[in-house]
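K.L.:
mind looking at a prediction? Sequence and model below.
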Amino acid sequence: MPWWGQTLMALGLGCIPLLWTSLRGWARFARHPQAFRCRIGDVPGGIGIGTRWRRRRTWARWVNDVLLIRSGLLRMGIQAVAAELAPGTVLEYAPLDVRLGLHPISLRMTTDDGGVIDVAVALANRTLLAGPFLAAAIPGLPQAPREHGT
């Protein structure tokens, strides 16, 4: 066998453990009952500017008020995002180009470093997306009463 054939075979055999690890991690993350399929959108320039949706869908889930997002090549990493909602933020219909069903829903959040992200999910997963901010998933709630002088 020529040297380049041996090199290709060694590279191919070296990729098998990486693929196995990636698939195993994906399966363990996706099997969690609070995990949901989503697409992440970066909002350049902050609130009011259009969203650029990332090319690939991924999995995410909430742990307290931190959103864990599968990320990276082969989805082997986990990105932790400490997110907050602006007052009055609610779930909104996302554009159909996110390819998450007929009525995708998105939620705009601010990150702990001051960035703004959108997370879109299928309509069936809206309560999973809302996570610790469950009031954002209920449409038509009245505004909270304000204290005198604030």
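P.N.:
Looks like it came in fine. Numbering: from 1, shown residues only.
K.L.:
can you map out the helices along this structure?
P.N.:
Under the criterion DSSP state H, the chain contains helices at 3-30, 126-130.
K.L.:
which residues does the shortest one contact?
P.N.:
Applying Cβ atoms under 8 Å, 6 or more residues apart in numbering, the external contacts of helix 126-130 come out as 34-36, 38, 61-62, 91, 105, 107, 119, 121, 134, 136-137. To be clear about C-beta, it is placed using only N, CA and C from the backbone, and glycine gets the same treatment.
K.L.:
out of those, which is most surrounded?
P.N.:
For the contacts of helix 126-130, counting by other Cβ atoms under 10 Å, the largest number of neighbours falls to residue 38: 28 neighbours.
K.L.:
check the gap between residue 98 and residue 52 for me.
P.N.:
Going from residue 98 to residue 52 by Cβ to Cβ, to the nearest Å gives 11 Å.
K.L.:
which of these two has more neighbours?
P.N.:
residue 98 (22 against 12).
K.L.:
common neighbours of residue 98 and residue 52, please.
P.N.:
Counting by Cβ under 8 Å, 6+ apart, the contacts common to residue 98 and residue 52 are residue 41.
K.L.:
for the contacts of helix 126-130, which one is nearest residue 26?
P.N.:
Set against residue 26, the nearest of these by Cβ to Cβ is residue 35 (10.2 Å).
K.L.:
surely the closest one is in contact with residue 28?
P.N.:
No. Using Cβ atoms under 8 Å as the test, residue 35 is too far from residue 28 to be in contact (9.6 Å).
K.L.:
tell me where the protein has strands.
P.N.:
Along the chain, the stretches classed as strands by DSSP state E are 36-42, 52-53, 58-63, 66-71, 77-84, 92-93, 105-111, 116-121.
K.L.:
any idea which of the helices of the chain is most buried?
P.N.:
Neighbour counts (mean count of other Cβ atoms under 10 Å) averaged over each of the helices of the chain peak at helix 126-130, with a mean of 19.
K.L.:
pLDDT of that helix, averaged?
P.N.:
Averaged across helix 126-130, the pLDDT comes to 87.
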